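Asks: Provided below are the primary sequence and the corresponding predicted coordinates.
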Amino acid sequence: MKGKIAPAGIAVAATDLVKVYGFGPTAIRALDGVSAEFASGEFHAIMGPSGSGKSTLMHCVAGLDAATSGSVRIGDRELTGLSDKALTRLRRTSVGFVFQSFNLLPTLTAEQNILLPLELAGARPDPDWWDTVIAATGLADRLSHRPAEMSGGQQQRVACARALITKPDVVFADEPTGNLDSRAGAEVLGFLRSCVSKLDQTVIMVTHDPAAASYAGRVLFLADGQVAGELLGPTPDTVLDHLRRASDQLRPDSPATASSSSSPADRTSGGAHRARAWTGE
Ligand code: ADP
Ligand code: MG
């Protein structure tokens, strides 16, 4: 047991979250009153059309960006009002991140990359947890390799191990399979799922891919910055169905447009936040 989760078993809670980018007539309300709870020990997916606020929600609940109003709780800690220093500490110790582009440091070995968050926090790995995480990645014989010497799927599993090594309250993954072929993607998704089922971790994954979302136990849908339903025990078909119906409701005159193709917004958002996750700047 991790012992860091509030008794209610809620790893992350957002209440009436609003995020407005910009000012005046050009302001964009990326989150428009989102309330959602993410139970601990579960694999959650967040889905929705490009621009619906998925990445913004992830950045706000992960403490990478400040919401305009509303509250965020990770475990029993309220993020609103935390100082920058406290937020940086929280991100380093209580939250793990996996990004689409792996974000490994090219000059470090796999082992050094995995240990980086602990090193930044001035901590050492718990030997049992290290063995457990490395065994789960299946990368024990690749630890001395640098990222360039590894496949995309292997690099992403190193990134997952790096996210897990601090025993975080929650791992956030933004399109973790977006740069992988379907086989490597399935390996990473299977790995994330086993971290939840076997290692009692909590994963919140943003994805636009119904097949990826079906690895989760629950899918939360966003549309236009608002919660637009959820699915428990999703399959690729039920997810697609939900997306089609949602897009029909939003645009009654147009045919269903939900698709699994990546959009520029999905591919490009969050560069500054990625950097902040590791540097604390
Ligand atoms: P998704 O991840 O679902 O594609 P995002 O959360 O990236 O959506 O974006 C939600 C909305 O907020 C979009 O309209 C997007 O253009 C806008 N947005 C996202 N980030 C910024 C930013 N840094 N500045 C201004 N607008 C932004
Ligand atoms: Mg996005």
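Replies: Nice, I can see it. Ligands and ions are numbered 1, 2, ... in the order given.
Asks: Can you tell me which residues in the stretch 51-200 of the chain are near ligand 2?
Replies: Lys54, Ser55 (Cβ under 5 Å from the ion). Heads up, the C-betas are built off the backbone N, CA and C, glycines and all.
Asks: Now the residue in the stretch 1-150 of the chain positioned nearest to ligand 2: which helix or strand?
Replies: Closest approach between the stretch 1-150 of the chain and ligand 2, counting by Cβ to the ion: Ser55, at 3.2 Å. Element membership for Ser55 (DSSP states H and E) is helix 54-61.
Asks: Paired strands for the following helix or strand past that helix, with orientation please.
Replies: Sequence-wise, the next helix or strand downstream of helix 54-61 (DSSP H and E) is strand 69-74. Its sheet considered, strand 69-74 pairs with strand 10-21 (antiparallel), strand 77-78 (antiparallel) by DSSP bridges.
Asks: Spell out which residues belonging to the stretch 51-200 of the chain are near ligand 1, please.
Replies: Gly51, Ser52, Gly53, Lys54, Ser55, Thr56 (Cβ under 6 Å from any ligand atom).
Asks: Dihedrals phi and psi, Arg218?
Replies: With angles defined as degrees, to the nearest 10, Arg218 sits at phi -150, psi 140.
Asks: and if you look at Gly75?
Replies: The phi/psi pair for Gly75 (degrees, to the nearest 10) is phi 60, psi -130.
Asks: Can you tell me the closest non-neighbouring residue to it?
Replies: The spatially closest residue to Gly75, leaving aside those adjacent along the chain, is Asp169, at 4.7 Å (Cβ to Cβ, 6 or more residues apart in numbering).
Asks: try Val188
Replies: Gln156 (4.8 Å).
Asks: list the buried ones in the helix or strand containing the one you found?
Replies: If you go by DSSP H and E, Gln156 is part of helix 152-164. Across helix 152-164, burial judged by 16 or more other Cβ atoms under 10 Å covers 152-164.
Asks: That helix: what's the following helix or strand?
Replies: Next along from helix 152-164, by DSSP H and E: strand 170-174.
Asks: Partner strands of that following strand, with direction?
Replies: Strand 170-174 pairs in its sheet with strand 95-99 (parallel), strand 203-206 (parallel), by DSSP bridges.
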